[in-house]
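Trainee: Could you work out the structure for the sequence below:
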Amino acid sequence: MNFSRIKESASSLRRTSGKKKATYAAGLLFNIFCYIILITIGYIVLYPLIYTIVTSIRTPESYLDPTRHWIPTSVYLGHYKRAIEYMEFGKSILNTVRYEMVSALLEVASCAVAAYGFARFNFKFKNIFMVILFLTILVPSPMIIIPLVTNFSHLDVLGIFGLLNKLTGIDLRLNLMGTGFTYWIPSFLGVGLRSGILIYIYIQFFKALPRELEEAAWIDGAGSFRTFLSIAVPSSGVVIITVTVFSLVWHWNDYFIASMYTVGESTLATAAAELPEIIKAHGEYGSAVTSGTLLAGTILYIVPLLIVYLFLQRGFIESVDRVGITG
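Mentor: Next up, the predicted model:
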């Protein structure tokens, strides 16, 4: 009897050991599969960046050397010098900060105010305004660019200045084209570049905030605006980081609006887009330095925003998870 129990125990141990080995092997295969997928994705993402960096520091002569493709014989910064000169890098980045980045930060603040109103208050025609909000997300900027340009070139207030012009012949309408106000006014009013998406993200977050905190502030005598500043804003660090990153990236990459509003001045996006034409104007297009100059301009364009993202990336990843942005 004892021998049979011992045999059963040994058999049970062998079966358990076999199951553990099978589980370990399955886990190992799954990990290997995950690593293969991650390495493949990493290669797809990093290959263009590595190629861009390497090509931008190669000497013009090395382009004719088939033995040197990834490891250049020496570091050549002439492409960056030409790119900085052709793009007017200092002036372009200053315009980008003055127009686009200021607009982005104004948009972060104004969209928070609008979203808080949608999330916390019931008012007349609220559903209609929500439909309009989604329409601003769905309608692309090129479809409304003509009325926007017309409005900013003859800025009017409820048609009053236009009526005075017809009656008196005196045109008091302002021409804001080529000024920063074409960027700042829409952002300040919450109707700037992709403001609808930012407002929607804010709404989703504010709806999840505990109402008890706001009710406590109301009992203490705080009004709606003070409650927003003292309760909602301090509790919204994660969503503010998310919206800030999105807004900065979208404004930094904005070419269409900048090319329509900016007259005689270039932002970094428009300067990068016009770089091939500038190279042609200097008679260098098609030469050995063309690719290096173009790729050096690309690196100069992405590096400032990449530096900003490195400082914000931890908070951004955590905020995306906590805000709950879904498709």
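Trainee: which intervals of the stretch 201-327 of the chain have sub-threshold pLDDT?
Mentor: When residues are selected by pLDDT under 70, those of the stretch 201-327 of the chain lie in 285-288, 314-327.
Trainee: repeat that with 50
Mentor: Counting by pLDDT under 50, the stretch 201-327 of the chain contains low-confidence residues at 324-327.
Trainee: can you give me the helices in the stretch 51-200 of the chain?
Mentor: Shown for the stretch 51-200 of the chain, the helices assigned by DSSP state H, counting those that start in this stretch span residues 78-87, 89-95, 102-120, 126-138, 145-153, 160-168, 181-188, 195-208.
Trainee: so which of those helices comes closest to Ala26?
Mentor: helix 195-208 (38.3 Å; Cβ to Cβ). Placement of C-beta: from N, CA and C, glycine included.
Trainee: Which SSE is immediately downstream of that closest one?
Mentor: helix 211-219 (DSSP states H and E).
Trainee: And the contacts of that next one?
Mentor: Identification of contacts with helix 211-219 by Cβ atoms under 8 Å, 6 or more residues apart in numbering yields Arg120, Arg226, Thr227, Ser230, Ile231, Ala232, Ser235.
Trainee: Just give me the closest of those residues to Ile170.
Mentor: For these, the closest approach to Ile170 (Cβ to Cβ) belongs to Arg226, at 43.7 Å.
Trainee: Could you tell me how far the closest one is located from Ala232?
Mentor: 10 Å (Cβ to Cβ, to the nearest Å).
Trainee: Show me which of those two is the more surrounded one.
Mentor: Neighbour count, other Cβ atoms under 10 Å: between Arg226 and Ala232, Ala232 has more, with 23 against 13.
Trainee: Can you pick out the ones from the contacts of helix 211-219 that are in helices?
Mentor: Of the contacts of helix 211-219, the ones assigned to helices by DSSP state H are Arg120, Arg226, Thr227.
Trainee: Now the first one: closest residue in space that isn't a chain neighbour?
Mentor: Using Cβ to Cβ, 6 or more residues apart in numbering and skipping residues adjacent in sequence, the residue nearest Arg120 is Phe206, 6.4 Å away.
Trainee: sorry, back to before: which one of the contacts of helix 211-219 is nearest to Pro66?
Mentor: Ser235 (59.9 Å).
Trainee: do you know how far the closest one is from Ser195?
Mentor: Distance from Ser235 to Ser195, by Cβ to Cβ: 22 Å.
Trainee: now swap in Ser92 and tell me
Mentor: According to Cβ to Cβ, Ser92 stands 25 Å off from Ser195.
Trainee: His251 and Val102 touch, don't they?
Mentor: No: applying Cβ atoms under 8 Å as the test, His251 and Val102 come out as separate, 9.1 Å apart.
Trainee: quick one: which of these two has more around it?
Mentor: A count of neighbours by other Cβ under 10 Å puts His251 above the other of His251 and Val102, at 26 against 17.
Trainee: how much does whichever helix or strand that one is part of deviate in direction from helix 181-188?
Mentor: Under the criterion of DSSP H and E, His251 resides in helix 237-252. Helix 237-252 and helix 181-188 are oriented at 160 degrees to each other (axes from the mean of the first three to the mean of the last three Cα atoms, to 10 degrees).
Trainee: What is helix 237-252 packed up against?
Mentor: Secondary-structure packing of helix 237-252 (3 or more Cβ pairs under 8 Å, 6 or more residues apart in numbering; DSSP states H and E): helix 102-120, helix 195-208, helix 290-323.
Trainee: what's the shortest one packed up against?
Mentor: Identification of packing neighbours for helix 195-208 by 3+ Cβ pairs under 8 Å, 6+ apart yields helix 102-120, helix 126-138, helix 237-252, helix 290-323.
Trainee: Turn these into TSV, columns for distance to Gly178.
Mentor: Converted to TSV, those look like this (distance: least, Cβ to Cβ, whole Å):
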stretch	distance to Gly178
helix 102-120	15
helix 126-138	25
helix 237-252	18
helix 290-323	23
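Trainee: Out of those helices, which gets nearest to Leu189?
Mentor: Closest to Leu189 of these, according to Cβ to Cβ: helix 102-120, at 6.5 Å.
Trainee: circling back to that earlier point, out of the helices and strands packed on helix 195-208, which gets nearest to Pro186?
Mentor: Nearest of these (Cβ to Cβ): helix 102-120, 7.7 Å.
Trainee: and the closest one, which residues are buried?
Mentor: For helix 102-120, a neighbour-count test (16 or more other Cβ atoms under 10 Å) marks 102-104, 106-108, 110-120 as buried.
Trainee: Also stretch 183-194?
Mentor: Buried residues in stretch 183-194 (16+ other Cβ under 10 Å): Tyr183, Trp184, Ile185, Pro186, Ser187, Phe188, Gly190, Val191, Gly192, Leu193, Arg194.
Trainee: and of the residues you listed, the nearest to Ile302?
Mentor: Using Cβ to Cβ, these come closest to Ile302 at Leu193, 18.9 Å.
Trainee: surely that closest one meets Trp252?
Mentor: No: Leu193 is beyond contact range of Trp252, at 10.5 Å (criterion: Cβ under 8 Å).
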